[in-house]
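Trainee: Predicted model, plus sequence, below.
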2 protein chains.
Amino acid sequence: MALVVQKYGGSSVANAERIKRVAERIVNARKSGDEVVVVVSAMGDTTDELIDLAHQVSPLPPGREFDMLLTAGERISMALLAMAIHNLGYEARSYTGSQAGVITTSVHGKARIIDVTPGRLRGALDEGAIAIVAGFQGISQDTKDITTLGRGGSDTTAVALAAALDADVCEIYTDVDGVFTADPRIVPNARHIAQVTYEEMLELCACGAKVLHLRSVEYARRANLPIHVRSSYSDKTGTMVTGSMEDLPVEQALITGVAHDRSEAKITIVGVPDTPGEAARIFETVANAETNLDMIVQNVSTEGTGRTDISFTLPKDDGPAAMAALSKVQSSIGFKGLLFDDHVGKVSLVGAGMRSHPGVAARFFAALGEAGVNIEMISTSEIRVSVVCRDSDLNKAVLAVHDAFELGGDTEAIVYAGTGR
Amino acid sequence: MALVVQKYGGSSVANAERIKRVAERIVNARKSGDEVVVVVSAMGDTTDELIDLAHQVSPLPPGREFDMLLTAGERISMALLAMAIHNLGYEARSYTGSQAGVITTSVHGKARIIDVTPGRLRGALDEGAIAIVAGFQGISQDTKDITTLGRGGSDTTAVALAAALDADVCEIYTDVDGVFTADPRIVPNARHIAQVTYEEMLELCACGAKVLHLRSVEYARRANLPIHVRSSYSDKTGTMVTGSMEDLPVEQALITGVAHDRSEAKITIVGVPDTPGEAARIFETVANAETNLDMIVQNVSTEGTGRTDISFTLPKDDGPAAMAALSKVQSSIGFKGLLFDDHVGKVSLVGAGMRSHPGVAARFFAALGEAGVNIEMISTSEIRVSVVCRDSDLNKAVLAVHDAFELGGDTEAIVYAGTGR
């Protein structure tokens, strides 16, 4: 008898029909003898509707109350799912994040899980019940207030519960059949990947792959817990995220896949005095504005001027705050100007095999060059190479790189609509 | 500085606009120096929408999950109300029934409050905050599961919190200006009542007055806590429910008002063997079907037959269950037939003064007779007389009785639409 944690996103439980279908899938797992814990997101558009209501009463709702409001969404979906399972003759009990023992920091809207005390869930399982848990939410250790985990929160809830319950696997049900060598909406012959290491998955997530959230993969790696990414619309085998790069066989595949990201913008600080400490002051300023930098490039000093340009990328949403913070320090740092560019895209090639194959980056740049894609910034890790280009060149770049490394399969991938939280 | 508990029903917080208006009213109370705790129901139709969703996934949802689902309604309204208050520059924190310390029995859907431990609310008040509490819900003492209190639950939450916090008054905001001598929709010149004793209010509630729920008045009487019934749409003075009949002055008003009720049905058991114990068996059967009887009438035996008829009234909704239970025992008890009549109405006259005025009942019956209303059943208490008649005669009966006791005022009462939970 295995213990399985399953997570279903908002599109999987968007209406009564889908909830009933998910209930059947859960009951099938229970029937096969497994103990089952289910983490569920809010139904379809519920969260957006609640956000809309909040903004109707207040332009800037306090975080504590905003979290209280949003957590109503999972309360609804989890209770309905438990009812649907009951209706199939199986015992199911729903639990809020707080009841399930998801203890977090007290930063509303982006709390982090500190501890999980799943005593009530364990008790429900021991009595033969299926436990349904609200994703995305917890209770603050200090204030005992309700918190939400921010983006990708339900994935993280599922992995954290699976780790705390010593589950055999955490199944993340989503609207795609797993991880592909590229986004099938851009690359029709993108190949399905049966298994991928934590490290590769982390790089893919960081480079724009949306199938899993980075935090949940980090959590799973620490707990050495396999994540099984599957479609809630099919019975295909999905993708298993497990194992470390260190354990990969020598004859491993060179490249895992191509990721892309349209969610970033680029800020360029023009004419920064090229003296020690100026760059540090700039990045301190940006960090204080609570923005997350991704790639950073500093040009060599333009000869004779003693000045240089610094560019970095960051999430588009963080752009206004970063620009405002930098404007304030322009005179004290003494740089000449600020440029904001939100028409950039990032294409990345990820693969554990590239550690031992120095030619990969060269082939990557050559493919982009042949496709006529101009490279604006470059960053690399041991198992990844990324470039920033015009967003209008992004699809072309993904296709070219995917082709150059012969990642394609024989059949077209199937794409479903919708996203989870 | 007084401590005030205010309760707002679903129609008072039906949309963002109304929530903002209620927030202003709350802030005004806080500004005047009072400590304020607010109990709030779910927004407008939210509860009905959630019930509808539940029935889409399951014909008979388990009580635990049904309560989990419904309590999402108050979670939404209370968070929005707290946001709206914040937006006016005052600190407000929302609390679920569980967080507010509302400890209940574990009967889902109709839990009773066992205890209230308002430590977190007291703490919030001590820090100068306004506490917003979800009405209608609590946490089971035994199972630690979320419960709901059933009909009138939010009124009961408000009174229970007010008692536990030793509040000066519990203000129940509703869609009418308080208690009237009759329903102003039937009697246009019904007079507003400024003050009424707990006993009279209990009789009025039991006889169909909907402005307060019986349980909350019982709770307030035990705690000797004044209830102030007011309109959330006006600044009128409302009705104060306080004081005991025993303390009334001798020159008290004879009659408080006329109540009516269309929510009951009448069951008649025809030809019951008139031997000891048969009536007891019948009422045991009905009680086992979880129905609440109201009036009961047993005729004298028809001469020579040794048989009698027994009639009783009960809530219409309980009718099918009671009829089914009685049918099962027809042959063993040996009665001849069962009649179900849901076209009955009840009119009641309530007044503490009638204790010392034996002529009241006679005048009541005379007024009905003159109006051509046929009386089918009669029941009385020390301060009340009620009759059952045809439902089509009910308005006529209310008007006639109201006139006969000269209860009318000079101005027409104002009526608003909508109801609370």
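Mentor: Yep, it's here.

Trainee: host element of residue A:267?
Mentor: Assigned by DSSP states H and E, residue A:267 belongs to strand A:264-273.

Trainee: So for that strand, what gets flagged as buried?
Mentor: A:264-269, A:271-272 (16 or more other CB atoms under 10 Å in any protein chain shown). For glycine as for every other residue, the C-beta is placed from the backbone atoms N, C-alpha and C.

Trainee: What of stretch A:142-162?
Mentor: The neighbour-count check on stretch A:142-162 (16+ other CB under 10 Å) flags A:145-150, A:152-162 as buried.

Trainee: what about that stretch, how long is it end to end?
Mentor: Stretch A:142-162 stretches 24 Å from its first residue to its last (CA to CA, to the nearest Å).

Trainee: try stretch A:146-162
Mentor: OK, stretch A:146-162 end separation, CA to CA: 21 Å.

Trainee: Distance check, residue A:351 against residue A:212.
Mentor: Distance of residue A:351 to residue A:212, given as CB to CB, to the nearest Å: 18 Å.

Trainee: just to revisit the earlier point, the strand holding residue A:267 - which strands sit beside it in the sheet, and in what orientation?
Mentor: Under the criterion DSSP bridges, strand A:264-273 sits next to strand A:307-315 (antiparallel), strand A:337-341 (antiparallel) in its sheet.

Trainee: Make a markdown table out of those and add mean neighbour count and mean pLDDT.
Mentor: Conversion of those to a markdown table gives the following (neighbours: other CB atoms under 10 Å in any protein chain shown; pLDDT from 0 to 100):
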| stretch | mean neighbour count | mean pLDDT |
| --- | --- | --- |
| strand A:307-315 | 20 | 91 |
| strand A:337-341 | 13 | 95 |
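
Trainee: would TSV of the ones you listed with distance to residue B:231 be doable?
Mentor: Rendered in TSV, the data for the strands paired with strand A:264-273 read as follows (distance: least, CB to CB, whole Å):
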stretch	distance to residue B:231
strand A:307-315	49
strand A:337-341	54
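
Trainee: Enumerate every residue touching the nearest residue to residue A:242 once chain neighbours are set aside.
Mentor: Taking CB to CB, 6 or more residues apart in numbering or on different chains, and ignoring the residues beside it in sequence, residue A:242 has residue A:226 as its nearest neighbour in space, at 4.0 Å. For residue A:226, the contacting residues are A:168-170, A:220, A:240-242, by CB atoms under 8 Å, 6 or more residues apart in numbering or on different chains.

Trainee: Tell me the one among the residues you listed nearest to residue A:65.
Mentor: Of all the contacts of residue A:226, residue A:65 sits closest to residue A:170, with 31.2 Å by CB to CB.

Trainee: That closest one bridge partners, please.
Mentor: For residue A:170, the beta-bridge partners under DSSP bridges are residue A:5, residue A:227.

Trainee: how near is it to residue B:135?
Mentor: Relative to residue B:135, and taking CB to CB, residue A:170 is found at 38 Å.

Trainee: neighbour count winner among these two?
Mentor: Neighbour tally, residue A:170 and residue B:135, criterion other CB atoms under 10 Å in any protein chain shown: the higher count belongs to residue B:135, 32 against 29.

Trainee: From chain A, how far off is the residue lying closest to that one once chain neighbours are set aside?
Mentor: With sequence-adjacent residues excluded and distances taken as CB to CB, 6+ apart, residue B:135 is closest to residue B:154, at 2.9 Å. Per CB to the nearest CB, to the nearest Å, residue B:154 is found 17 Å from chain A.

Trainee: Three-state assignment for residue B:154, please.
Mentor: helix (DSSP: H, G, I helix; E, B strand; the rest coil).

Trainee: thinking again about what came up before, quick one: the residue nearest to residue A:242 from chain B, how far?
Mentor: From residue A:226 to chain B the distance is 31 Å (CB to the nearest CB).

Trainee: Next: residue A:35.
Mentor: Here the criterion is CB to the nearest CB. By it, residue A:35 lies 20 Å from chain B.

Trainee: Also residue A:361?
Mentor: With the distance defined as CB to the nearest CB, residue A:361 ends up 51 Å from chain B.

Trainee: Please apply the same query to residue A:398.
Mentor: For residue A:398 relative to chain B (CB to the nearest CB), the value is 41 Å.

Trainee: Please identify the helix or strand for that residue.
Mentor: According to DSSP H and E, residue A:398 maps onto helix A:394-404.

Trainee: again, but for residue A:217
Mentor: Counting by DSSP H and E, residue A:217 is found in helix A:214-223.

Trainee: Packing partners of the helix holding residue A:398?
Mentor: Packing contacts for helix A:394-404, counted by 3 or more CB pairs under 8 Å, 6 or more residues apart in numbering or on different chains; DSSP states H and E, involve strand A:257-261, strand A:344-350, helix A:360-370.

Trainee: The second one vs helix A:394-404, what angle?
Mentor: Strand A:344-350 and helix A:394-404 meet at an angle of 20 degrees, taking axes from the mean of the first three to the mean of the last three CA atoms, to 10 degrees as the criterion.

Trainee: What angle do helix A:360-370 and strand A:344-350 make with each other?
Mentor: 140 degrees.

Trainee: Neighbouring strands of strand A:344-350 in the sheet, and parallel or not?
Mentor: Take DSSP bridges as the rule and strand A:344-350 pairs in its sheet with strand A:257-261 (antiparallel), strand A:384-390 (antiparallel).

Trainee: residues in contact with that strand?
Mentor: A:200, A:203-204, A:207-208, A:255-262, A:264-266, A:294-295, A:313, A:360, A:364, A:368, A:376, A:383-391, A:393-394, A:397-398, A:401, A:405.

Trainee: Nearest spatial neighbour of the residue nearest the centre of chain A, chain-adjacent residues omitted?
Mentor: The centroid of chain A falls nearest to residue A:213 when counting by CA atoms, centre = their mean (2.3 Å). Using CB to CB, 6+ apart and skipping residues adjacent in sequence, the residue nearest residue A:213 is residue A:152, 2.4 Å away.

Trainee: Would you confirm that that neighbour contacts residue A:211?
Mentor: No - counting by CB atoms under 8 Å, residue A:152 sits too far from residue A:211 to count as a contact (10.7 Å).
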